[in-house]
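**Student:** With the input below, show me the fold.
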Amino acid sequence: MTGKYVLKLYVTGQTPRSQRAIANLRRLCEEELDGAYEMVVIDVLERPQLAEDEKILATPTLNDRAQICRESSTRRFSVVELCDCAC
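**Tutor:** Predicted coordinates:
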């Protein structure tokens, strides 16, 4: 794989659910991308305009423009998986 993926994860505050999503995404990226990624966490409470511009309706949401699944593996990540998978 060449290049680096820039992943935007939208969360709402520093809730346990947000923290799980961040930790799980980081773990999944390390497993699938071997460190070739940059994760940007955007708190919609602090930056609501960014969420509105991207039409984010629920959090946590991983920006689908990252194309992490289609280019690096057949695995699909979902909001449920980011929040609820076992670590």
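
**Student:** in stretch 49-57, what's buried?
**Tutor:** Under the neighbour-count criterion of 16 or more other Cβ atoms under 10 Å, stretch 49-57 has Ala51, Glu54, Ile56 buried. Heads up, the C-betas are built off the backbone N, CA and C, glycines and all.

**Student:** Just to be sure, which of the residues you listed are found in helices?
**Tutor:** Ala51 (DSSP state H).

**Student:** following the helix ranked longest in the chain, which helix or strand comes up?
**Tutor:** Identified as the longest helix of the chain according to DSSP H is helix 16-33. Next in sequence after helix 16-33, counting helices and strands by DSSP states H and E, comes strand 37-43.

**Student:** How about the contacts made by the closest residue to Tyr5 other than its chain neighbours?
**Tutor:** Leaving out its chain neighbours, the residue that sits closest to Tyr5 by Cβ to Cβ, 6 or more residues apart in numbering is Tyr37, at 4.3 Å. Contact analysis of Tyr37 by Cβ atoms under 8 Å, 6 or more residues apart in numbering lists Lys4, Tyr5, Val6, Leu7, Cys29, Ile68.

**Student:** Can you lay out these as TSV showing neighbour count and pLDDT?
**Tutor:** Formatted as TSV, the contacts of Tyr37 follow (neighbours: other Cβ atoms under 10 Å; pLDDT from 0 to 100):
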residue	neighbour count	pLDDT
Lys4	11	80
Tyr5	17	82
Val6	12	84
Leu7	22	87
Cys29	21	87
Ile68	22	48
